[in-house]
Structures are given as C-alpha cells and as structure tokens.
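Visitor: test case, fold it:
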Amino acid sequence: MWGRKEKEEDPVSTLARCIVLLDDLRAYRRKDIDKIDDTFSRLKKSRFKEHYDLWVKTRPSAERIVDMPLKVNGVRSLIRNLAWLKVADRFGIIVVIFLIAIQIVPAWKRALGPDPLGGNLFLYSMVSVVAVVILVNLGTVIDYVIRKRIIAYESTTMDEYAADRNKMKDGVNKMMKSLAREANRSDSDPQQFGLVLYFDDYDHIQVIKQWKPKSLGLFKKSYNYYQVIPRN
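Guide: Residues are numbered from 1 along each chain as shown. Predicted coordinates for the structure are as follows:
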C-alpha cells in the first residue's frame, strides 16, 4: 500500500486510499472531487459503509478546500496555462517518438526514402527534444509559482479553513481506527497496511519514516512525507 496509484481494490485497500485522499485535501493538494466521490462510493456496499456516510457530510468542506486556490490572485490563469502546457508536452513527446521511429523502424525508412523531411530529420528530432525539455521545465516553474502563491494565501487564511481541515483530520482518525482494526485481524505483516501521508498527528498511527520530498530530485520542499502503519 506504500504507493499512491489507483487500481481495482478490495474494501480494505479502498479504505486506505480514502485515508490518503482526505489527508491530501487537508494538505491543500488539488484534487478532483468527483473522482474522490467515486472512490468513497466503493465503500457504500462494504463493511465500511459508515465512512462513505462520513464523506457525504465532509464533501462540502472538501469542495471549499479544493476551490480555495481559485480565489488566489492570478492562480486561475496559471492553472489554465499549466493545463495547456501539459497538453503541448504530451503532443511534443508524440512528435519525438514519431521522428525517432522514422529513423529506426525499417518500414518507415523504406516508405519515406533515405532523406525524409528534406534531409533535416536529425535536426528536427533535436529541436523536438529540446522543446519537450523546455516545456517540462516551464511546467515545473509554473507549478512552483502556483504553490508559492497558494502557500502565501494559506498563511493569511488559516482560520477561515481551519474547521474544514479539522473535518478532514477527524475523518482520517475514524478511518484509521478501522484500518488498525483490520490490521490486527490479519496475519499479514503490518507494513502491508502502510500509507504515505502529509501529516503525523493522527490517532492510531505509528510513524516508520519521515523525509522531505525533493523538487527535480535536488531541492528539498518545505513539507514532510510520513510513512506510517496503523495501530490501536
């Protein structure tokens, strides 16, 4: 469970994923509320139905937190630009793959002849690779600017969203208690119930490891990740 990728899950794994999602919201991570709703809906017919009911009551607070970045001056346009940049980056990667395929796939080489694109295939390939690298780094810079503006806004509005964030924390505490109960029932290694969270102040957890994630693999970020396992 250490990873955060979504897959077809049994109720216990779905419960663990829901814990991570509420923790993400509490940390102001940008999330799609409808997708979160879909994940919690999987608990509806399971033995964890009460946690779906909890989500229904918590959703208005989640929506306020998710909408919060849009109130920050200039962030709405930056998010829109970042979305377009990601589309352009995906298109650029497709172009790079296509140009490389022309050079190495025999069928393409036979179909286009010895000098495709006027003999400038290598040049176009290099330009495409450079463009993709620039787009990726530009996206990183824009995301950094967005986060800095949101952090600055958060520091001035902590009281405004305190009740909403406390609802996220209470929800995690209740779900973590259920997860700890499941871990005790199981004969498996407790680390199989492990999670990676942004906060370590929950009930029913034991912190195994903490670290600061890095941006671009070099620069430490201002927050921590906590690797935890549930406990009674």
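
Visitor: so, low pLDDT: which residues of the chain?
Guide: Applying pLDDT under 70 to the chain flags the ranges 1-9, 105-119, 158, 214-222.

Visitor: can you report how many residues lie near Val95?
Guide: 17 (other C-beta atoms under 10 Å). No exception for glycine: its C-beta is placed from N, CA and C like everyone else's.

Visitor: what do you get for the one 3 residues further on?
Guide: A count of neighbours around Phe98, defined by other C-beta under 10 Å, yields 12.

Visitor: all further residue positions should be reported with the first residue as 141.
Guide: With the count now opening at 141, the last piece we talked about shows up as Phe238.

Visitor: can you point out the buried residues in the longest helix belonging to the chain?
Guide: Ranked by residue count, the top helix of the chain under DSSP state H comes out as helix 261-296. For helix 261-296, a neighbour-count test (16 or more other C-beta atoms under 10 Å) marks 261, 264-265, 268-269, 272, 275, 279, 283, 286-287, 289-290, 293 as buried.

Visitor: so what's the gap between that helix and the chain middle?
Guide: 17 Å (C-alpha atoms, centre = their mean, to the nearest Å).

Visitor: which elements pack onto it?
Guide: Judged by 3 or more C-beta pairs under 8 Å, 6 or more residues apart in numbering; DSSP states H and E, the packing partners of helix 261-296 are helix 215-244.

Visitor: from the buried residues of helix 261-296, pick the one nearest Leu194.
Guide: Lowest distance from Leu194 to these (C-beta to C-beta) belongs to Ile290, with 26.4 Å.
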